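Novice: Mind folding the following:
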Amino acid sequence: MKEAKTLAGLQVERSESDGQSKAVEADNGPVRYLSQLIGAPDEQVMRWFILAVALLLDPAAVLLLLAATARRTFVAVR
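Specialist: I've put the predicted structure just below:
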């Protein structure tokens, strides 16, 4: 009886681990596709992707913040 409970617990842990593994694979799917497409390692593609996102989105966020601040001060002066 004790062995059956232990086995059931191990099966639950294995299924949780498999689920987490599949979730990670799904998250990395686009990176793997791109790495195969250009023939570069996954790590290198991920680093370039992070760099591109940082370079493109950070300046856009700063510009939006400046625009919102400028509009607020422009409306307050009127």
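
Novice: Tell me where this protein has strands.
Specialist: For the chain, no strands are identified by DSSP state E.

Novice: At the geometric centre of it, which residue sits there?
Specialist: Central residue of the chain (CA atoms, centre = their mean): residue 27, 7.0 Å from the mean position.

Novice: Return the distance of that residue relative to residue 21.
Specialist: For residue 27, the distance to residue 21 equals 11 Å [CB to CB, to the nearest Å]. Bear in mind the C-beta positions are built from the backbone N, C-alpha and C, glycine included.

Novice: What is the burial count for the nearest residue to residue 45 once chain neighbours are set aside?
Specialist: Using CB to CB, 6 or more residues apart in numbering and skipping residues adjacent in sequence, the residue nearest residue 45 is residue 35, 4.3 Å away. Residue 35: 19 surrounding residues under other CB atoms under 10 Å.

Novice: Do you know the pLDDT at residue 35?
Specialist: Looking at residue 35, its pLDDT stands at 88.

Novice: In this structure it contacts residue 41, no?
Specialist: Yes - with contact defined as CB atoms under 8 Å, residue 35 reaches residue 41; the gap is 6.4 Å.

Novice: Quick one: residues in contact with stretch 46-65.
Specialist: 31, 34 (CB atoms under 8 Å, 6 or more residues apart in numbering).

Novice: buried residues in it?
Specialist: residue 46 (16 or more other CB atoms under 10 Å).

Novice: sorry, back to before: can you give me the distance of the residue nearest to residue 45 to residue 52?
Specialist: 14 Å.
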